[in-house]
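J.: Okay, here's the prediction I keep looking at, along with the sequence it came from:
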Amino acid sequence: MRLGYPCQNLTLSASTNHSLRLKSLSNQDRVHDAIRRNLEGLESILKWNTNQGWRLFRIGQHLVPFGSYPDFPFDWVDYYGPALERIGRQAQYLRQRLSMHPGQFINPGSPDKDVRSRGLAELRYSATALDLLGASDGVIVLHLGGAYDDRQAAKDRFTDCLASEPQILKYLALECDERTWPITDVVEVANRLGIPAIVDTLHHRINPDQLSLEDAFNLAFPTWGDRRPKIHLSSQDPDKMTGAHSARIEPDDFELMLRVLPRRDVDVMVEAKDKELALSFQKEAAVV
């Protein structure tokens, strides 16, 4: 079992998610500054992770802020492609598995054509970043989005929107959520697209569709084929709305996951507000 965390490292004060306001996008100096800080952060985090024994890292979605926008002020692929390729070679040497997670506004199942189009642009941006990084085992994590009062129609639109997007599909994995789509629906759509499904332990606890966590793992893991499955581990923040992540992982949540995981190599993305600091007490369980 390998462990990782998303986007930034508090110990290093390093982030891959520096951004800027959309109205500042025309200021190329500010755009370049944000991208350079993100790339520098990514390099330092990957080296630190390897020294600590962590093998997973989720890159911030703002690695190239507004990189999917049609009016982006320069060709970021041409300008930063060589740097991304170099960092990708380092990641491969360090045995780091990379991922990205576009936000909730990315909704290929929307009835609004413009929303679908913007979502595809963001997913293509993510896939291009992973392509440049040479992340052959990389993952783009995505939720199914809204149901729009017709669950089947939403699933059909989602499938139709992505079916002819091989660049995206080679990375895409669908994650269950805490409100609308349990793992049963997620696996159904994942199978239709020939892509894997991700169980989030907190989301599943809130929205289980009558399945135990063990049943959820057993349903989702076959979608990965011979690839190493990924799951998300998180705990509920008791002081916030349902589904909000806590600063650390509750020991009971970690122990339940360990108890019911299938006997198979697995990658666990720890989603906690304290980022890498939340991994400390789990280290003895990780096999790198």
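T.: On my side now, so go ahead. Numbering: from 1, shown residues only.
J.: Nearest the geometric middle of the chain, what residue?
T.: Closest residue to the average C-alpha location of the chain: residue 101 at 3.3 Å, with Cα atoms, centre = their mean.
J.: phi, psi of residue 264?
T.: phi -160, psi 150 (degrees, to the nearest 10).
J.: Chain neighbours aside, what residue packs nearest to it?
T.: Ranked by Cβ to Cβ, 6 or more residues apart in numbering and with sequence neighbours excluded, the top spatial neighbour of residue 264 is residue 221, at 6.5 Å. (C-beta placed from N, C-alpha, C; glycine too.)
J.: I'd assumed residue 262 was in contact with the one you found.
T.: Yes: the pair residue 221 / residue 262 is scored as a contact, 5.8 Å apart, by Cβ atoms under 8 Å.
J.: The two: who's more crowded?
T.: residue 221 (19 against 13; other Cβ atoms under 10 Å).
J.: ok, the more buried one to residue 278 distance?
T.: 24 Å (Cβ to Cβ, to the nearest Å).
J.: what's the answer for residue 77, then?
T.: Residue 77 is 34 Å from residue 278, by Cβ to Cβ.
J.: Those two: which is more packed in?
T.: residue 278 (23 against 15).
J.: ok, now which ones touch that one?
T.: 5, 247-249, 270, 272 (Cβ atoms under 8 Å, 6 or more residues apart in numbering).
J.: now the residues you listed as TSV including distance to residue 70, secondary structure and pLDDT?
T.: Formatted as TSV, the contacts of residue 278 follow (distance: Cβ to Cβ, whole Å; DSSP: H, G, I helix; E, B strand; the rest coil; pLDDT from 0 to 100):
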residue	distance to residue 70	secondary structure	pLDDT
5	32	strand	98
247	38	coil	95
248	41	coil	95
249	40	coil	95
270	35	strand	97
272	35	coil	96
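J.: returning to what we had before: how near is the residue nearest to the centre of the chain to residue 269?
T.: 9 Å.
J.: anything in contact with each of these two?
T.: With Cβ under 8 Å, 6+ apart as the test, residue 101 and residue 269 both reach 6, 58.
J.: can you give me the strands in the protein?
T.: For the chain, applying DSSP state E gives strands covering 2-6, 8-9, 14-15, 56-58, 97-100, 139-143, 172-175, 197-198, 230-233, 267-270.
J.: Quick check: residue 235 touching residue 255?
T.: No: the pair residue 235 / residue 255 is not scored as a contact, 11.7 Å apart, by Cβ under 8 Å.
J.: For the two, work out which one has more neighbours and name it.
T.: Ranked by neighbour count (other Cβ under 10 Å), residue 235 and residue 255 place residue 235 first, with 23 against 11.
J.: Next up, the contacts around the more buried one.
T.: Residues in contact with residue 235 (Cβ under 8 Å, 6+ apart) are 202, 245-246, 248-250, 253, 272.
J.: Many thanks, have a good one.
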